[in-house]
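Trainee: sequence first, then the predicted structure, then my questions.
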Amino acid sequence: MDFTSFVGIISGLALIVSAILYGSSDISIFVNVPGIMIVIGGTIAATLFTFQFKDTMAAFRAAAIVFTQDKQNPQQMIATMLQLTRVARREGLMALSREKADSPFLQRALNMASDASDEDYIRHTLQADIDSLKMRHYVVQDVFKKMGMYAPAFGMLGTLIGLIQMLSQLNNPEAIGPAMAVALLTTFYGSILSTVIFQPIAGKLKARTILEIQTLEIIRDGTIAMMGSNNYLAVYERLSSYVPAHQRKPVGLRD
Amino acid sequence: MDFTSFVGIISGLALIVSAILYGSSDISIFVNVPGIMIVIGGTIAATLFTFQFKDTMAAFRAAAIVFTQDKQNPQQMIATMLQLTRVARREGLMALSREKADSPFLQRALNMASDASDEDYIRHTLQADIDSLKMRHYVVQDVFKKMGMYAPAFGMLGTLIGLIQMLSQLNNPEAIGPAMAVALLTTFYGSILSTVIFQPIAGKLKARTILEIQTLEIIRDGTIAMMGSNNYLAVYERLSSYVPAHQRKPVGLRD
Amino acid sequence: MDFTSFVGIISGLALIVSAILYGSSDISIFVNVPGIMIVIGGTIAATLFTFQFKDTMAAFRAAAIVFTQDKQNPQQMIATMLQLTRVARREGLMALSREKADSPFLQRALNMASDASDEDYIRHTLQADIDSLKMRHYVVQDVFKKMGMYAPAFGMLGTLIGLIQMLSQLNNPEAIGPAMAVALLTTFYGSILSTVIFQPIAGKLKARTILEIQTLEIIRDGTIAMMGSNNYLAVYERLSSYVPAHQRKPVGLRD
Amino acid sequence: MDFTSFVGIISGLALIVSAILYGSSDISIFVNVPGIMIVIGGTIAATLFTFQFKDTMAAFRAAAIVFTQDKQNPQQMIATMLQLTRVARREGLMALSREKADSPFLQRALNMASDASDEDYIRHTLQADIDSLKMRHYVVQDVFKKMGMYAPAFGMLGTLIGLIQMLSQLNNPEAIGPAMAVALLTTFYGSILSTVIFQPIAGKLKARTILEIQTLEIIRDGTIAMMGSNNYLAVYERLSSYVPAHQRKPVGLRD
Amino acid sequence: MDFTSFVGIISGLALIVSAILYGSSDISIFVNVPGIMIVIGGTIAATLFTFQFKDTMAAFRAAAIVFTQDKQNPQQMIATMLQLTRVARREGLMALSREKADSPFLQRALNMASDASDEDYIRHTLQADIDSLKMRHYVVQDVFKKMGMYAPAFGMLGTLIGLIQMLSQLNNPEAIGPAMAVALLTTFYGSILSTVIFQPIAGKLKARTILEIQTLEIIRDGTIAMMGSNNYLAVYERLSSYVPAHQRKPVGLRD
């Protein structure tokens, strides 16, 4: 459970509800089922039209991941790579293929290292994997960015419909206020969806991608470094650029 | 028939129509032929002015393609390339020129491979084809992006015309409401065209391009890999970066 | 005469005029000379301030070109390059300097080829010419993009002036409507100029640049290809990447 | 204490307060606690949702730094590098490891230089450090850019809530004005936060990053220059590109 | 004196003043000292907060330069480089160090050429100077772009303050109009500052930078060309890419 994401969305929505309740105890005037339908339905319809069906599905799956605890941790991956360097040093690169890795990317890197593949080949193959992952994640973020754009657009369409209907039958001046209130509701729904939900999800997915790419780059650089030299310190030096200077710990040369 | 595109556009328009019908049973107040003409006509006029005539036509043809089933499938292209690797292994690279390919790009790649052309030459020629295709597709997407920009702009021009006419002859206060309703209609038309039609088409064309480029890159990399080594597994390793790790299937080494 | 540009601008303006006439037979309420002056004059003033004088003049000359028939035609340039390859094959590269080319760029390329200049030298010199042309065209497009931004900004300034004057002397409520109508006119002028004229011109200039660059790239690549090999087919293969696969014609090897 | 940042924010807020006091001596109408809560709380909630918790914290720490005096000074770093060149010239590169540097980056560079590491290795390692710092700073700036976007969005949500409540109960026409004033307050808060606080902080952080990167590049280039040649003047020439021509002082060749 | 910049800003402001006078002979309703103070003061405060103090000062100095005649002239610099080529041809590269150049950049290039420095070294050093200049100019343009963004933002803040004060004390309906007029004045000031002053200055600074960079690139390429070959024509060919084909004059080979 990613606690901050959870706190973020819940407190965002809670603040809006309490602002409504503070102004008036009647929350029902903010509920308009057809308005909710046109904004949510329209956003989904335009999104399905815009993207490949499988990309949209991948995006919704990714959105669920946003609320799970993040498993990527560059510091820990550096420790893992150093541990593997020790193995390579004691038992040779061949021994790396016997190590079990959680990440298929790390497994692939270890397999290639134990096969004594060419350094250039390893670099290009792992880079191709990273580029391909960047591309897929880009599409997923794009789905939520576009939803954050479609939601207010459908909100405005709903408001225009309400305004046009109200203005075309001005026979009852007393009804103007409430009719405009209803018309504004879809703009309100569209803004909430965009500001409180879609844009933050797109942002979080981007932050996650940056972290995941960094972890993969540590694996790529670590694998290449441990092939070029099984010097523990050299591998550490190479990987320590990935953490800020004040977080780099002096590495004991024991083992 | 691309089912999702079809569902997307139909349900988007249906939601807007039902929102109109929900508010009032009279849909006729949303129909204004001169308003429709200025928004659609103006958008087409500005688009014709902005682009080369043949680019505009290419864009409209591409829009039709959006509703057809997509033929590009990276997974299947990987299978095809592996199948061709088996042919090359059994019968030599020369045999590749006898294979019939649906895609002119694949045909060209096979011809060059069977001619035993230089690897660099093949890479540059195929890359030039890919770059040229990217460029042409970019122009086509740009047509719809610009239409998605011109439509609301002409909608606003229509609304300004209506407002100015209404305000300049305020002798009948009762007519203000209906006149403003009519003036707002062009803004409404422009927003619908942009949000429900032009922007999603531009997005879908972009998604299709990404997929097509990926397929071409698989052909490019696969051809080069099978020339460098007719090892089935090496070609598979090279191409598997194009699919997410969890979709990569272990490859049997039969054959 | 570029027929589409002409049709685009005329029909765009005609649609707006007919929308005005449809709403009221009195077109005079849309004519406000001081308003036209502040929008057009302000746009010109800000543009002169923003750009070098010679860049602004170059932009206006380029705008005139937009309405002339485009002479660039990639397909025809490929044919020309193939024709020159035949000459080079029969009579040697030296013969190329005797050919007369319409384009100074092609002339320069032929001169360098007949001088048997180094391939790298030719590539870099022609690329420098292309980069320099891209740069100059970029500035010209930028003039119209900025005009498309300044026009609505001055339109809004005019409307603000009108609104402030009207609001500060509300002694005659009957005059409010007509005064607001007049105030809105400058916003209307600014939007028309931007949407119907400046933005399409900027777009068309960009489309022309893309086409011109492509033609120059065909000359560059063709010249280098014909120097490396006077094989007719090899030059054709190299240049055919510039046209979509379905437009490539099989080339007879006669001659 | 960074005096300009301090003057900037204080005078910005003071101007707004005096504009309020000038219009009316009653500042209390601009204070609305629930409104302040929804704008500030909502912005924080959406930011927590958008970014990793540690990135948000890093951003707030960085914001505090904005008000401290900047320690980076390219001119002084050039002097330091020249001083170190003199040390290297007199005592050899080995002596560099005995120098104490404030900056961990400079310390690392000196260590590598005194180890007589390969020039390429030094360049790549230091560049990796610079890239990694750019990346971390980019995320921190992004936090404030997004806050500068969320604040007005929550401001608008608050205004929409107020408008909808006011319009739905129009029974007391006299209350319309004050109710709208209250509704507009959240838009006002959101604009102040964005314009006077978040956007300038994002800008200042970017300016600081540019300066810090420049200092690191001086260290990188200086270290490499002093390894290639312990000629004082050559190192100076290399580093002087980092300062404008009119600030370059002729360097005495004493020592 | 740069005549066009001067004409641009004067005629832009004159048009706005005449539009005001045309609508009403009373220009005093457009003068509101507290409003001017909040817009100008706020813009300056936010700019000081956003940038380093020395960058803001550098920007204001650069703005003054905008009104001076531009000294950069690519055509003339090409002539200068050709003249220097003649000197190098007659008297040798050593003689170049005796030439006096106005530009410190040209002086530096000549010094390096007469020292017979390595071509790569000259290219990299001059490129580093160009990159560093680009960077400093970028910051200066950015100051005016941000001011063009802050001015309307403070204008809107001023208008919000006015609206909120007016709406909260609606006891005198007759005062509504004039109060709104005053509230709109700050939006008017912000728009003028942005459209007529800050954005054009940012644009002009960018145009100047492009021209200056081009001049420096002519020096860089000319210096390298004259070192590789003291053939007058070869240097001319190399530099002529910087001017459009129709402005290239055939070069007499006299001398």
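Mentor: Looks like it arrived, so ask away. Numbering: from 1, shown residues only, chains lettered A, B, ... in the order given.
Trainee: residues of the stretch 51-200 of chain A that sit close to chain D?
Mentor: Residues of the stretch 51-200 of chain A found near chain D (C-beta under 8 Å from any C-beta of the partner chain) are A:70, A:174, A:176-178, A:180-182, A:184-185, A:187-188, A:191-192, A:194-196, A:199-200. (Glycine included, C-beta is placed from N, CA and C.)
Trainee: among those residues, name the ones in helices.
Mentor: Among those, the members found in helices (DSSP state H) are A:176-178, A:180-182, A:184-185, A:187-188, A:191-192, A:199-200.
Trainee: just among those residues, which is most surrounded?
Mentor: A:Pro200 (27 neighbours; other C-beta atoms under 10 Å in any protein chain shown).
Trainee: tell me who's in contact with that one.
Mentor: Shown in contact with A:Pro200 (C-beta atoms under 8 Å, 6 or more residues apart in numbering or on different chains): A:8-9, A:12, D:46, D:49-50.
Trainee: tabulate those in TSV, adding columns for secondary structure, distance to A:Tyr121 and pLDDT.
Mentor: Formatted as TSV, the contacts of A:Pro200 follow (DSSP: H, G, I helix; E, B strand; the rest coil; distance: C-beta to C-beta, whole Å; pLDDT from 0 to 100):
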residue	secondary structure	distance to A:Tyr121	pLDDT
A:Gly8	helix	43	87
A:Ile9	helix	44	88
A:Gly12	helix	48	90
D:Ala46	helix	45	94
D:Phe49	helix	41	91
D:Thr50	helix	39	91
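Trainee: close to chain B, is stretch A:157-167?
Mentor: Yes: Stretch A:157-167 reaches chain B (C-beta under 8 Å from any C-beta) through A:157-158, A:160-167.
Trainee: three-state assignment of A:Asp102?
Mentor: Of the three states, A:Asp102 takes coil according to DSSP: H, G, I helix; E, B strand; the rest coil.
Trainee: against chain B, how distant is it?
Mentor: For A:Asp102, the distance to chain B equals 12 Å [C-beta to the nearest C-beta, to the nearest Å].
Trainee: measure that residue to A:Gln76 for me?
Mentor: According to C-beta to C-beta, to the nearest Å, A:Asp102 stands 11 Å off from A:Gln76.
Trainee: more crowded one of the two?
Mentor: A:Gln76 (12 against 9).
Trainee: ok, and for the strand or helix carrying the more buried one, which residues are buried?
Mentor: Using DSSP states H and E, A:Gln76 maps to helix A:74-91. Of the residues in helix A:74-91, A:74, A:77-78, A:80-82, A:84-85, A:87-89 count as buried by neighbour count, 16 or more other C-beta atoms under 10 Å in any protein chain shown.
Trainee: what separates it from the chain centre, distance-wise?
Mentor: 28 Å (C-alpha atoms, centre = their mean, to the nearest Å).
Trainee: alpha carbons only: can I get the helix or strand just after it in CSV?
Mentor: Downstream of helix A:74-91, the next assigned helix or strand under DSSP H and E is helix A:104-114. The C-alpha trace of helix A:104-114 is given here as CSV (Å, rounded to 0.1, in the frame of the first residue of the first chain):
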residue,chain,number,x,y,z
PRO,A,104,13.6,-10.6,-15.3
PHE,A,105,15.8,-7.8,-16.4
LEU,A,106,18.5,-8.6,-13.8
GLN,A,107,18.1,-12.3,-14.7
ARG,A,108,18.7,-11.5,-18.3
ALA,A,109,21.8,-9.4,-17.5
LEU,A,110,23.2,-12.2,-15.3
ASN,A,111,22.7,-14.8,-18.0
MET,A,112,24.5,-12.7,-20.5
ALA,A,113,27.3,-11.9,-18.1
SER,A,114,27.8,-15.6,-17.3
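Trainee: just checking helix A:104-114 against chain B, any contact.
Mentor: Yes: on the criterion C-beta under 8 Å from any C-beta, helix A:104-114 is in touch with chain B at A:104-105.
Trainee: let me see the mean pLDDT of the very next helix or strand once past that helix.
Mentor: For helix A:104-114, the following helix or strand on the C-terminal side (DSSP H and E) is helix A:119-168. Mean pLDDT, helix A:119-168: 92.
Trainee: just want the angle from helix A:119-168 to helix A:176-192.
Mentor: 180 degrees (axes from the mean of the first three to the mean of the last three C-alpha atoms, to 10 degrees).
Trainee: please compute how far helix A:119-168 lies from its chain's middle.
Mentor: Distance, stretch centre to chain centre, for helix A:119-168: 12 Å (C-alpha atoms, centre = their mean).
Trainee: hang on, the earlier thing: pick the one among the buried residues of helix A:74-91 closest to E:Lys206.
Mentor: A:Pro74 (38.9 Å; C-beta to C-beta).
Trainee: OK, contacts around A:Phe53?
Mentor: Applying C-beta under 8 Å, 6+ apart, we find A:Phe53 in contact with B:3-4.
Trainee: typo on my end, A:Asp120
Mentor: By C-beta under 8 Å, 6+ apart, A:Asp120 has no neighbours at all.
Trainee: apply 10 Å and report the result again.
Mentor: A:Ile224 (C-beta atoms under 10 Å, 6 or more residues apart in numbering or on different chains).
Trainee: next one: the one 5 residues further on
Mentor: Residues in contact with A:Thr125 (C-beta under 10 Å, 6+ apart) are A:108-109, A:112, A:117-118, A:220, B:237-238, B:240-241.
Trainee: that's all I had, so thanks and see you.
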